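In: Sequence first, then the predicted structure:
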Amino acid sequence: MAGISDLPFRSLCYQFGAGLAFAEMFLANSRIWHTQQSRQKLANERELGIKAVQIIGADPDEMVKTAILNMNSGAELIDINMGCPAKKVNKNLSGSALLQYPKLVEQILLNVVQAVNVPVTLKIRTGWDKAHKNCLDIAQIAQKCGIKAITIHGRTRECLFKGSAEYDSIKQVKQYISIPVIANGDIITPEKAEEVFQYTKADAIMIGRGALGRPWIFEDIAFYLQYGKSKSEKSINEVKNIVLQHLKALYQFYGEKKGLQIARKHVFWYTQNCVGSDRFRRLFSCIDNANQQINALEAFFQKTNFN
């Protein structure tokens with residue numbers, strides 16, 4: 001969720017019942033730690049929930065330094081990303097590319113766990129490609145190294161985000177390890193959440209793209225799991241208030257210029273199921289003033305409804 005799971009978005013997710021929300025991927029590259037972008041990814045005292053930071057890299061020493069930096073900055077949990085499928089990440093052996101090198105995986109995990117005194121978790125995919133699914137082996141290595149929980153996205157790196165996630169691999173891992181297993185991939189409705197829980201017996205589920213434009217999905221899922229029925233849909237007015245709250249938080253966190261840019265993609269997701277949203281989003285993308293963005297949204301929500 002690079003470029004998405006910043007403090008304003010995490011705050012909304014926590015507000016609507018998320019149990020844990022990870023900060024954006026923090027690169028294990030000490031040469032860029034001085035940048036504003038890196039500083040904004042550090043743990044923040046305004047975090048509503050657990051201060052959890054996700055780190056990514058392939059050099060064991062740099063990963064240790066990165067974990068220590070984040071712990072000293074207030075992180076209460078360190079998550080190691082070995083699941084990102086992005087080409088620009090994998091070409092440096094980071095993210096899911098590491099799944100091809102179990103010995104290096106073991107070295108990174110062991111070194112980071114021993115270096116910090118906060119819990120360390122791991123995010124992976126089922127393998128590099130369909131011919132080399134090794135998530136069970138990686139999960140067993142993780143458990144041996146002291147990893148406290150493992151999240152598995154039900155696709156290989158080769159799959160990227162194409163096709164459908166599979167949950168057989170997650171179910172198998174759950175049967176063979178004792179640390180908590182978190183299921184991830186294509187969980188975008190409460191019904192799907194219940195299905196994945198029932199099938200995999202996972203200890204928890206992770207929501208990614210399902211929260212885009214719908215950060216209240218967490219309370220929807222919790223309601224469905226508790227009562228066996230869907231929660232009432234948010235009204236247009238309720239959605240408007242959430243969007244406005246989000247945008248104002250973006251302006252405050254990033255400043256107006258960058259906040260305006262980031263707001264555009266979130267507004268695209270929030271309004272994609274609204275009548276007349278195509279034309280509105282084209283116009284909205286041209287607005288370069290925070291007050292004008294707010295006014296345009298208020299005017300749009302006054303005259304629209306859901307498709």
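Out: Arrived safely.

In: Okay, the residue lying closest to E256 once chain neighbours are set aside and K258: tell me how far apart.
Out: Excluding its sequence neighbours, the residue lying closest to E256 (C-beta to C-beta, 6 or more residues apart in numbering) is A290, at 4.9 Å. For glycine as for every other residue, the C-beta is placed from the backbone atoms N, C-alpha and C. According to C-beta to C-beta, to the nearest Å, A290 stands 11 Å off from K258.

In: who are the neighbours in contact with the residue nearest to E256?
Out: L247, Y251, E256, G259, L260 (C-beta atoms under 8 Å, 6 or more residues apart in numbering).

In: now, the most widely separated pair of these?
Out: Using C-beta to C-beta, the contacts of A290 span at most 10.8 Å, a distance reached by L247 and E256.

In: which one of these two has more residues nearby?
Out: Per other C-beta atoms under 10 Å, whichever of L247 and E256 has more neighbours is L247, with 23 against 16.

In: count of neighbours near the residue nearest to G276 when sequence neighbours are not counted?
Out: The shortest distance from G276 to any non-neighbouring residue, by C-beta to C-beta, 6+ apart, is to T304 (5.7 Å). T304 has 18 neighbours, counted by other C-beta under 10 Å.

In: quick one: T304 from V239, how far?
Out: For T304, the distance to V239 equals 10 Å [C-beta to C-beta].

In: Phi first, then psi, for H153.
Out: Backbone torsions of H153, given as degrees, to the nearest 10, read phi -90, psi 130.

In: Wait, it touches Y167, no?
Out: No: using C-beta atoms under 8 Å, H153 is not in contact with Y167, being 10.6 Å away.

In: Quick check: neighbours shared by the two?
Out: Joint contacts of H153 and Y167 (C-beta under 8 Å, 6+ apart) are G185.

In: Who has more neighbours out of the two?
Out: Remark: of H153 and Y167, H153 carries more neighbours, 27 against 22, as counted by other C-beta under 10 Å.

In: Can you tell me how far the more buried one is from A115?
Out: Using C-beta to C-beta, we find H153 at a distance of 26 Å from A115.
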